[in-house]
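[1] I would like to see how this sequence folds:
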Amino acid sequence: MSNISSKQKIIIANWKMKLGFRESLSLARKIRQRFKNFSGNVVICPDFVSLYSCGQEIKKSNLKLGAQDAFWQDSGAYTGEISPQTLKTAGCRYVILGHSERRKYLKEDYNLINLKLKKVLAVSALTPVICIGENQKERSQGLVKSVLTRQLQEGLKGVALKADQKVIIAYEPLWAIGSGKVIKNKDLEEISGIIKQFLKKSRSGRGRDKFSIIYGGSVDSKNIKGISQIEGIDGCLVGGASLKPAEFYKICRGMLT
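    Take a look at the predicted model:
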């Protein structure tokens with residue numbers, strides 16, 4: 001994979017549970033048409049029901065398919081879950097793990113996220129996107145560094161990457177998601193530094209080069225230029241704005257061109 005100086009930037013669209021099947025397929029078609037001549041690294045993540053059909057819709061384009069979650073086993077009596085291998089078969093190249101909404105509503109912790117991460121990495125050609133981030137209370141108490149360090153320690157525990165593997169770390173402050181609030185550039189630079197410092201201490205040699213850092217939290221076409229200029233930020237995880245093809249296109253152009 002690319003080293004830190006030549007890392008390809010990426011935009012990942014998380015559609016969450018915002019759309020039904022027909023709406024998802026329609027949006028995938030509109031985005032494919034909008035991005036017809038766009039060569040940047042763009043990923044769409046529909047819900048599980050829409051995954052395969054959306055994947056077929058974008059199959060002959062430069063767009064890539066991702067999933068919003070995965071389970072930590074290949075198969076078995078796990079009602080309602082989907083394995084990383086099944087996601088790969090459906091056409092996925094990326095998998096979001098430990099999104100803040102899953103940590104909040106489904107009580108996922110980083111021991112569980114760690115199991116999922118290892119299972120995703122066990123499937124060739126799948127890249128995990130592991131989410132971290134503090135809430136408003138933790139930020140106001142000056143606990144950002146300790147919270148992020150703990151999340152990274154638990155989430156990446158025992159993870160050894162092969163030559164052809166990489167992990168994307170998505171920093172998404174809980175207080176910014178869907179709020180319209182965006183972290184200040186100087187604060188995001190500090191966050192990038194915290195993550196890099198952790199990787200430097202925990203990963204020897206070129207091992208730290210296998211990690212990319214992206215930002216998620218009320219990203220739109222107005223703030224993307226500032227985010228794109230922050231050293232060490234390799235892309236964005238986009239929520240609500242990714243549901244609007246024209247707006248999403250502006251965001252991708254702002255980060256990837």
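[2] Enumerate the positions of the top helix by length along the chain that are buried.
    Of all the segments assigned as helix in the chain under DSSP state H, the longest by residue count is helix 185-202. Within helix 185-202, the residues that qualify as buried by neighbour count (16 or more other C-beta atoms under 10 Å) are Leu188, Ile191, Ser192, Ile194, Ile195, Lys196, Phe198, Leu199. In short, each C-beta sits where N, CA and C put it, glycine included.
[3] So which elements touch it?
    Secondary structure elements in contact with helix 185-202, counted by 3 or more C-beta pairs under 8 Å, 6 or more residues apart in numbering; DSSP states H and E, are helix 144-155, strand 167-171, strand 211-216, helix 224-228.
[4] let's see it at 7 Å
    Using 3 or more C-beta pairs under 7 Å, 6 or more residues apart in numbering; DSSP states H and E as the contact criterion, the secondary-structure elements in contact with helix 185-202 are helix 144-155, strand 167-171, strand 211-216.
[5] would CSV of these with mean pLDDT be doable?
    Listed next are the helices and strands packed on helix 185-202 as CSV, based on pLDDT from 0 to 100:
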stretch, mean pLDDT
helix 144-155, 98
strand 167-171, 98
strand 211-216, 96
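[6] could I get those as a markdown table with mean neighbour count and distance to Glu134?
    Putting those into a markdown table (neighbours: other C-beta atoms under 10 Å; distance: least, C-beta to C-beta, whole Å) gives the following:
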| stretch | mean neighbour count | distance to Glu134 |
| --- | --- | --- |
| helix 144-155 | 17 | 4 |
| strand 167-171 | 23 | 9 |
| strand 211-216 | 24 | 13 |
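[7] May I see these arranged in a markdown table, with distance to Gly91 as well?
    Converted to a markdown table, the helices and strands packed on helix 185-202 look like this (distance: least, C-beta to C-beta, whole Å):
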| stretch | distance to Gly91 |
| --- | --- |
| helix 144-155 | 26 |
| strand 167-171 | 18 |
| strand 211-216 | 22 |
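[8] between the buried residues of helix 185-202, which is nearest Lys145?
    Within the buried residues of helix 185-202, the smallest distance to Lys145 is 5.2 Å, found for Ile194 (C-beta to C-beta).
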